[in-house]
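Student: need a 3D model of the sequence below.
(2 chains, ligands or ions: 2)
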There are 2 protein chains.
Amino acid sequence: MPLLPRRFERIKSVLNRRISDLTVLIENVEKPHNLSAIIRSCDAVGVLEAYAIFNKEKFLTFNSTAQGSQKWVKINQYKKTTEAIKVLKEKGFKLYGTNLNPRSIDYRKCDFKGPTAFVLGAEKWGISEEASSLMDEHIHIPMRGMVESLNVSVAASALLFEALRQRQVANMVPESGEGMSQETYKEKLFEWAYP
Amino acid sequence: MPLLPRRFERIKSVLNRRISDLTVLIENVEKPHNLSAIIRSCDAVGVLEAYAIFNKEKFLTFNSTAQGSQKWVKINQYKKTTEAIKVLKEKGFKLYGTNLNPRSIDYRKCDFKGPTAFVLGAEKWGISEEASSLMDEHIHIPMRGMVESLNVSVAASALLFEALRQRQVANMVPESGEGMSQETYKEKLFEWAYP
Ligand SMILES: C[S@@+](CC[C@H](N)C(=O)[O-])C[C@H]1O[C@@H](n2cnc3c(N)ncnc32)[C@H](O)[C@@H]1O
Ligand SMILES: C[S@@+](CC[C@H](N)C(=O)[O-])C[C@H]1O[C@@H](n2cnc3c(N)ncnc32)[C@H](O)[C@@H]1O
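Tutor: Ligands and ions are numbered 1, 2, ... in the order given. From the prediction side, this is the model:
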């Protein structure tokens, strides 16, 4: 089916606003509605590609909560924590582990304007010791209630929205494709327009 | 079982930080994991009581995502939209409907330091025409992606965290019980400590 011009314009306008230096790495997040809500928030904020570690012999599964956003945010999937982290470090990302340990700092006090990857952990266990030991910084969203943590998709979204807010205040949010290299732009446009 | 002193101190310290003039009204949000994530975020931000409209002959149901937070955030449940809204207006809340209509404004441009109620709609349909017509203001979280809306629990949390942020910047966040009347404080303490 030929691509309608209106559709092509819509795809381009979204790609124009994508941000290649803001991402999440999710480690063994399992529940489809959490994965789905996280990817949907990535799409909404403008994350170009996301990263996932899945130790088990499993695939990421989404449900209706994703609303199809998994088609618009590529997820790079790894089996080994070290492997995923190596890739992100080589790309120049600063890795922010989400932890409530004493070294961890209030997310509002951090500067997320540089290349930023938020590392989020499994529903039950949080991020692994291994991942934790490889982080550049440990951050948390302060909790004021009886329950000690947030739902993982809520935490991921709060962090992404805070990074977006900081970049908006600093006038650093792409509007015309400047959020990625020209090469990447061409590749993505082809991928999105002719899947 | 007698209440341990440590537990009593913990309960008091959380109650000391509760905020009575910040809340959500959820209209026919149905999925247990969404309801659960919303209530968990209310607890985390410090919402004292939440509000729900449920037209159907149904009860609110929670799952493990709530982590027990439904015990710490009372939910006032109504069958009629008009009834719930009347109660909130009488309490002096300004009602912010979440809508993507042309009248709706960017949530970052609003001032949520006064008595604030965020009105959130059902997963499929959004807020009703009836609720919509009774709002004081219409707001939205700008969407930069292909999908047109956020998961409802993510949207609720983003709004609550923004309200909290604004109040923190203005030094308006309660730390020692000043977020509610003394009478309410006494009642809640009794309710929480001796359920
Ligand atoms: C439900 S939590 C895991 C709780 C686990 N018991 C622990 O202690 O880490 C799942 C994930 O959500 C994210 N998360 C939850 N609450 C958070 C908070 N307050 N700040 C930052 N991330 C949070 C983290 O990525 C965490 O690994
Ligand atoms: C999935 S949305 C409903 C979508 C529905 N098709 C509509 O047009 O309203 C469910 C609820 O999440 C909240 N929501 C989702 N995206 C939002 C956004 N960008 N800004 C504010 N609230 C949002 C609203 O409360 C909405 O009623």
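
Student: okay, strands next: where are they in chain A?
Tutor: Remark: strands assigned in chain A by DSSP state E are A:22-27, A:49-53, A:74-78, A:94-98, A:105-106, A:116-120, A:137-140.

Student: list the contacts of the fifth one.
Tutor: What it means is strand A:105-106. For strand A:105-106, contacts defined as CB atoms under 8 Å, 6 or more residues apart in numbering or on different chains pick out A:137-142. C-beta: built from backbone N, CA, C; applies to glycine.

Student: how about that strand and ligand 1, any contact?
Tutor: No - Strand A:105-106 does not reach ligand 1 (CB under 6 Å from any ligand atom); its nearest approach is 9.5 Å.

Student: chain center to that strand, what's the gap?
Tutor: In terms of CA atoms, centre = their mean, to the nearest Å, the centre of strand A:105-106 is found 19 Å from the chain centre.

Student: also the longest one?
Tutor: Using CA atoms, centre = their mean, the distance from the centre of strand A:22-27 to the centre of the chain it belongs to is 4 Å.

Student: sorry, back to before: tell me, which of the contacts of strand A:105-106 make contact with ligand 1?
Tutor: A:140-141.

Student: of the contacts of strand A:105-106 - the most surrounded one?
Tutor: The residue in those with the most neighbours, by other CB atoms under 10 Å in any protein chain shown, is residue A:139 (23 neighbours).

Student: so the lengthiest helix in chain A, near ligand 2 or not?
Tutor: In chain A, taking DSSP state H as the definition, the longest helix is helix A:152-169. No - judged by CB under 6 Å from any ligand atom, helix A:152-169 stays clear of ligand 2, getting no closer than 10.8 Å.

Student: repeat that for stretch A:58-72.
Tutor: No - under the criterion of CB under 6 Å from any ligand atom, ligand 2 is not reached by stretch A:58-72; the shortest gap measures 7.7 Å.

Student: and the contacts of that stretch?
Tutor: A:14, A:32-33, A:35-37, A:39-40, A:42-44, A:52, A:54, A:75, A:77, A:192, A:195, B:145-149, B:151.

Student: now do the same end-to-end measure for that stretch.
Tutor: Chord length of stretch A:58-72, first to last residue, is 21 Å (CA to CA, to the nearest Å).

Student: roughly how far is it from the heart of the chain?
Tutor: Centre-to-centre, stretch A:58-72 and its host chain are 14 Å apart (CA atoms, centre = their mean).

Student: could you list the buried residues of that stretch?
Tutor: Neighbour-count burial for stretch A:58-72, counted by 16 or more other CB atoms under 10 Å in any protein chain shown, picks out A:60, A:62, A:65-67, A:69-70, A:72.

Student: just to revisit the earlier point, for the longest helix of chain A, packing partners?
Tutor: Here helix A:152-169 touches strand A:22-27, helix A:32-45, strand A:94-98, strand A:116-120, helix B:32-45, helix B:152-169, going by 3 or more CB pairs under 8 Å, 6 or more residues apart in numbering or on different chains; DSSP states H and E.

Student: quick one: name the residues of chain A near ligand 1.
Tutor: Residues of chain A lying near ligand 1 (CB under 6 Å from any ligand atom): A:98, A:120-121, A:123, A:125-127, A:140-141, A:143, A:149-150, A:152, A:155.

Student: turn the strands of chain A into JSON lines, columns for mean pLDDT.
Tutor: Compiled in JSON lines, those are given as follows (pLDDT from 0 to 100):
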{"stretch": "strand A:22-27", "mean pLDDT": "98"}
{"stretch": "strand A:49-53", "mean pLDDT": "97"}
{"stretch": "strand A:74-78", "mean pLDDT": "96"}
{"stretch": "strand A:94-98", "mean pLDDT": "98"}
{"stretch": "strand A:105-106", "mean pLDDT": "96"}
{"stretch": "strand A:116-120", "mean pLDDT": "98"}
{"stretch": "strand A:137-140", "mean pLDDT": "97"}
